[in-house]
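J.: pasted the sequence and its predicted model underneath.
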Amino acid sequence: MYKCKEQLGCSGRNITPYSKDGELKFELCKDCGIIWRTNDSAHITKPYEEDYFISKKYLKKRRHKVEKSGWLIDIGRLNHPDISSVLEIGCSIGYTLEAAKKRNIGHLGIDISNYAVDFCNSLGLNASFTTLGKLKQDGQKFDLIFMQHVLEHFEDPFSTLKECHSLLNNKGRMVILVPNANYKRANKFRSKHRFYSMKGVGSEHFAYFSYANLPKVLEVSGFKTIQQNYPVFIDKYDSPKFFVNRFFRHSLAYINSDQELFVVAEKVG
């Protein structure tokens, strides 16, 4: 049964089929609105090595992607000037790590891909092929944890968030981006959309969230949401290009036309 029953108090009975592409199936919990990949399709996996990153064209537009990651870090550290260390979970080929380095913020990236870790290290970025459990065992702590399109890759996102909670310093923050379960095109086309298809990213993802349920998932994991959706006006780190980007993304969210959710959460307790 899906973890929302245990963690959010869902009944476990109000489940309905959502999409099906061959063996790959997703179901909707109508109590909380989370869309889960079914247990009998959990075995479908995709390797995250060099061919994967090349096929996804991760090497293109690196400068822009580093710039965007920097903007996201800046939103995450608004009104929290003491942030001096960042952990990125699923660091890929280091956009966020490079952005943190440019801001003189200590950084560590972890990834399940040896290729990604080696690539980051080749650029002089600090990345490691390790786990959250090992970091906790080593007593490491961070001011900010960054997860850009990573939380949906975990079968148990609640457990992952609780591990993150233990790795953060007091009042530490998380920046989280995940696909939007309410994205219009994905909701309309279901298994024909890349969110839920075998040819798309469906075989990589286990859960899809919305702005209605992600704050609840964070709350039961020990966090309070302090920013939901992109802020339009900020008093630090701003630029005309950054403002236009924020305004555009903020507006899209109101009509469910943004493919991703953006949330900043702070550790409590």
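T.: Looks like it came in fine.
J.: next SSE downstream of the stretch of helix or strand L87 belongs to?
T.: Using DSSP states H and E, L87 falls within strand 85-89. Using DSSP H and E, the helix or strand that follows strand 85-89 towards the C-terminus is helix 95-102.
J.: can you pull the buried residues of the strand holding L87?
T.: The neighbour-count check on strand 85-89 (16 or more other C-beta atoms under 10 Å) flags S85, V86, L87, E88, I89 as buried. Backbone N, C-alpha and C define where each C-beta goes, glycine included.
J.: so which of those comes closest to C164?
T.: Among the buried residues of strand 85-89, I89 lies closest to C164 (C-beta to C-beta), at 7.5 Å.
J.: correct me if wrong: that closest one contacts F146.
T.: Yes - shown here, I89 and F146 form a contact pair, counting by C-beta atoms under 8 Å, at 7.3 Å.
J.: picking that back up, now the buried residues of strand 85-89 in a markdown table, with distance to L218?
T.: Putting the buried residues of strand 85-89 into a markdown table (distance: C-beta to C-beta, whole Å) gives the following:
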| residue | distance to L218 |
| --- | --- |
| S85 | 21 |
| V86 | 19 |
| L87 | 17 |
| E88 | 18 |
| I89 | 15 |
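J.: what's the farthest-apart pair in those?
T.: S85 and I89 (13.8 Å).
J.: strand partners (parallel or antiparallel) of the biggest strand by length in the chain?
T.: As assigned by DSSP state E, the longest strand anywhere in the chain is strand 168-179. Here strand 168-179 has these sheet partners by DSSP bridges: strand 142-148 (parallel), strand 260-267 (antiparallel).
J.: which parts of the stretch 1-150 of the chain are helices?
T.: 3-8, 50-55, 62-76, 95-102, 114-122, 132-137 (DSSP state H, counting those that start in this stretch).
J.: who wins for proximity to R246 among these?
T.: helix 62-76 (7.9 Å).
J.: hey, which of the strands paired with strand 168-179 is tucked in deepest?
T.: Among these, ranked by average contacts under mean count of other C-beta atoms under 10 Å, first place goes to strand 142-148 (a mean of 24).
J.: re the thing from before, highest mean neighbour count out of the helices of the stretch 1-150 of the chain?
T.: helix 95-102 (a mean of 23).
J.: now do it and strand 168-179, the angle between them.
T.: 140 degrees (axes from the mean of the first three to the mean of the last three C-alpha atoms, to 10 degrees).
J.: pull the residues that contact helix 95-102.
T.: 62, 65-70, 72-73, 86, 88, 91, 106-107, 109, 120, 123-127, 146, 148 (C-beta atoms under 8 Å, 6 or more residues apart in numbering).
J.: average pLDDT across that helix?
T.: What helix 95-102 shows for mean pLDDT is 98.
J.: about what we covered before: can you redo the helices of the stretch 1-150 of the chain as CSV, where the extra columns are distance to E27?
T.: As requested, these are exported to CSV (distance: least, C-beta to C-beta, whole Å):
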stretch, distance to E27
helix 3-8, 11
helix 50-55, 27
helix 62-76, 31
helix 95-102, 32
helix 114-122, 31
helix 132-137, 27
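J.: worst average pLDDT in those helices?
T.: What stands lowest among those, in mean pLDDT terms, is helix 50-55, with a mean of 81.
J.: so what does it touch, helix or strand wise?
T.: The criterion is 3 or more C-beta pairs under 8 Å, 6 or more residues apart in numbering; DSSP states H and E, and the helices and strands that helix 50-55 contacts are helix 114-122.
J.: can you show me the CA trace of the helix it packs on as CSV?
T.: The C-alpha coordinates for helix 114-122 follow below in CSV (Å, rounded to 0.1, in the frame of the first residue of the first chain):
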residue,chain,number,x,y,z
ASN,A,114,29.2,7.1,-11.2
TYR,A,115,29.4,9.0,-14.5
ALA,A,116,27.7,12.1,-13.0
VAL,A,117,30.0,12.0,-9.9
ASP,A,118,33.1,11.6,-12.1
PHE,A,119,32.0,14.4,-14.4
CYS,A,120,31.5,16.8,-11.5
ASN,A,121,34.8,15.9,-10.0
SER,A,122,36.5,16.6,-13.4
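J.: tell me what angle it forms with strand 85-89.
T.: 150 degrees.
J.: what does helix 114-122 contact?
T.: 48-50, 53, 91-94, 97, 109-111, 126-129.
J.: nothing else from me, thank you.
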